[in-house]
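Asker: pasting the sequence and the predicted model now:
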Amino acid sequence: MQPLGSINTTASANDERFDGMVRLICAHFAVPACVLVAGEGRTRRIWASAGLSDTQRRQIADAREAGPLAEIQHLRILVVWPLLACQGGQFGCLYLLDETHRLLDASQEQALQEFAWLALDLLEREA
């Protein structure tokens, strides 16, 4: 696998990194599911926790307007965290899902922001 900083990384290598990031986020926040959505329309890409169906992935990706606490079958969207570019604009969103409602504390929000920056860095390099 190429180093994270490589600008010549293949799409499949980045997919592996995003899949790994989703697994790491789930483990860090002890949630059953996490989804990373990037792009819009035909260019939209979705990386999600194993175990989520394609239908659930699409529902979550389309739930941007619904915001936190929208229900996707037995899971609730706890957090919708936008991936905001430094120059403005939004590259996508990170979603944390859980079976029950809970709030993130300040250190968890900081950690989620750091995960978002990592995802954004990969997305910007790809673009």
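Answerer: Received, thanks.

Asker: any stretches of this structure with poor pLDDT?
Answerer: Scanning the chain for pLDDT under 70 picks out the ranges 1-14, 63-73, 127.

Asker: how near is the residue nearest the centre of it to A116?
Answerer: Central residue of the chain (CA atoms, centre = their mean): L36, 2.3 Å from the mean position. Counting by CB to CB, to the nearest Å, the gap from L36 to A116 is 9 Å. Just so you know, the C-beta spots here come from the backbone N, C-alpha and C atoms, and that holds for glycine as well.

Asker: which residues are common contacts for the two?
Answerer: Common contacts of L36 and A116 (CB atoms under 8 Å, 6 or more residues apart in numbering): L94.

Asker: hmm, V31 is touching L78, no?
Answerer: Yes: between V31 and L78 there is a contact under CB atoms under 8 Å: 7.0 Å.

Asker: quick one, strands of this protein?
Answerer: For the chain, the strands defined by DSSP state E occupy 33-38, 45-48, 71-72, 75-84, 90-98.

Asker: thinking again about what came up before, overlap in contacts, V31 and L78.
Answerer: 96-98.

Asker: and the residues you listed, which is closest to D62?
Answerer: Proximity of the shared contacts of V31 and L78 to D62 was ranked by CB to CB; the top entry is L97 with 14.2 Å.

Asker: bridging residues for that closest one?
Answerer: L97 has these beta-bridge partners by DSSP bridges: A33, I77.

Asker: rewinding a little: will you turn the shared contacts of V31 and L78 into CSV that also has neighbour count and distance to A27?
Answerer: CSV is the format used below for these (neighbours: other CB atoms under 10 Å; distance: CB to CB, whole Å):
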residue, neighbour count, distance to A27
L96, 26, 12
L97, 26, 14
D98, 17, 13
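
Asker: can you list contacts of the lengthiest helix in the chain?
Answerer: In the chain, with assignment by DSSP state H, the single longest helix is helix 106-126. By CB under 8 Å, 6+ apart, the residues outside helix 106-126 that reach it are 4, 7, 9, 11, 14, 17-18, 21, 24-25, 28-29, 36, 38, 79, 81-85, 91-92, 94, 96, 104.
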